[in-house]
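Chemist: this is a predicted model, with the sequence first.
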Amino acid sequence: MNIRSKISSKIESIKPSASITTAEKIKEMKKQGADIVDLSWGEPYFGTPNIIKESAKNAMDNNFTHYTNSRGLIELRESVSEKLQRENKIIYDPNTEILVTPGAKQAIFYAVYALVEDGDEVLIPEPYWLSYRDIVKLAGGKVVPIETKEENYFKPRYEDIESKISERTKAIIINSPNNPTGMVLDKNNLEDIAEIAKKHDLIVISDEIYEKIIFDGRRHYSIASFPEMKERTITINGFSKAFAMTGWRLGYLATSNELMEYIIKVHQHIATCANSFVQKAAISAFEKCAEEVIQMTQEYEKRRDIIFGGINSVNNLSCLKPEGTFYAFVNIKKLGMNSIEASEYLLEKAKIATVPGVEYGTSGEGYLRISFGLPEKDLIEVIERLQKALK
């Protein structure tokens, strides 16, 4: 039987996640004894705070292991609502406007799938997190990239967004702090995007998963808090990055009741509900782990400083100073290689794993994404290996 002839054309149009594929390849190489420093994985290198783990254990010990309300535990939705009002200045009804999901990626899929029909266009500033592109394709939509440049700190300009609008444009996806560039959209950037969204009647999908990992006293702004934007914004966040809970798979989505009525249908038919005892643990995360989040972010900032100074000391490499996340976007154009070649070269010569920038859109060509979440001693070793391989 010709299996390929039976496969959906939408699945054929997408490719495996480059970051996941690279990370799994490196893990296998390390099992076989390869001395590789892995900078490819978007993973906090801290353990989940103990109080979160204890909360999950207690929930399981008390047999809290069955279905919950499909929207999520009301206690957790209330905690999310309080957090969004207190920190993000957005008021959402926990009963009708908040959905707990099995990870923020799932929430992004729900939002796109509820909005996008065949041929609809979705604007995405690039470099962008690679899954946005393929999620839009799976829904039948067309990604319209908005080119950004290092000289503008990889932030989209008003005129560049405006020039990409067409009759088929339905939504724009934004991500701040940004994966892979580490840049943060400021208030002026977001005001421009809000103005365009209102002018052209667009929905904004705002991925804010890295909001807590922000440096140098910067402030995170949620675009839904801007005038007349709540009704046209889908705010997405979760627990993976800030609370070091990547393997727990828990996120949330907040939007107007009108939009939620359609998004919830996607969720109910795909996941039913998020994990019950993980939701209990997430309540503890919100209520009892603020200090741990601050401490982890402070450590990331120290590691950011090490990698920023180190990269810019290496021959033919440079990078902007990351404003948030635990990623640096390293300029490798002076090496005379494309990003795939440079990534392969560093893996072979320096035993350092990176992700080619082209995987994040054409604006990412000429760059490598590295994660600097590793312990300080590993980052220092990375710089030493780079200096040796590129001297």
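Modeler: Received it, and whenever you're ready, just let me know what you need.

Chemist: for the rest of this, base every contact and every neighbour count on C-alpha atoms.
Modeler: OK.

Chemist: now the helices: where do they sit in the chain?
Modeler: Taking DSSP state H as the criterion, the chain carries its helices at 9-12, 18-31, 50-61, 74-88, 104-115, 130-138, 158-162, 187-200, 257-270, 276-288, 290-311, 339-349, 376-389.

Chemist: show me what the fifth one is packed up against.
Modeler: With contacts defined as 3 or more Cα pairs under 8 Å, 6 or more residues apart in numbering; DSSP states H and E, the packing partners of helix 104-115 are helix 130-138, strand 203-207, strand 233-238, strand 251-254, helix 257-270.

Chemist: reformat these into CSV and put mean pLDDT and mean neighbour count next to each item.
Modeler: As requested, the helices and strands packed on helix 104-115 are arranged in CSV below (pLDDT from 0 to 100; neighbours: other Cα atoms under 10 Å):
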stretch, mean pLDDT, mean neighbour count
helix 130-138, 96, 21
strand 203-207, 98, 24
strand 233-238, 98, 26
strand 251-254, 98, 27
helix 257-270, 98, 16
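
Chemist: now those in a markdown table, with distance to Glu147?
Modeler: Output for those, formatted as a markdown table (distance: least, Cα to Cα, whole Å):
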| stretch | distance to Glu147 |
| --- | --- |
| helix 130-138 | 14 |
| strand 203-207 | 18 |
| strand 233-238 | 22 |
| strand 251-254 | 27 |
| helix 257-270 | 29 |
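
Chemist: nearest to Met29, of those?
Modeler: Comparing those against Met29 with Cα to Cα, the closest turns out to be helix 130-138 (23.8 Å).

Chemist: contacts for the closest one?
Modeler: By Cα atoms under 8 Å, 6 or more residues apart in numbering, the residues outside helix 130-138 that reach it are 10-11, 13-15, 17-18, 108-109, 112-113, 116, 122, 142-143, 173, 359-361.

Chemist: at 6 Å what do you get?
Modeler: If you take Cα atoms under 6 Å, 6 or more residues apart in numbering as the criterion, helix 130-138 is touched by 10, 14, 360.

Chemist: same question for stretch 232-240.
Modeler: In this structure, residues lying in contact with stretch 232-240 by Cα under 6 Å, 6+ apart are 104, 203-209, 224, 245-246, 251-255.

Chemist: select, from those, the two members most distant in space.
Modeler: In those, the most distant members under the criterion Cα to Cα are Ile203 and Met245, with 28.8 Å between them.

Chemist: how far away is Glu208 from Asn179?
Modeler: Counting by Cα to Cα, to the nearest Å, the gap between Glu208 and Asn179 amounts to 10 Å.

Chemist: compare these two (neighbour count), which wins?
Modeler: Shown here are Glu208 and Asn179; by other Cα atoms under 10 Å, Asn179 has more neighbours (25 against 21).

Chemist: which residue packs closest to the more buried one, ignoring adjacent ones?
Modeler: Across the structure, with Cα to Cα, 6 or more residues apart in numbering as the measure, the residue nearest Asn179 apart from its sequence neighbours is Trp129 (5.6 Å).

Chemist: alright, I will stop here.
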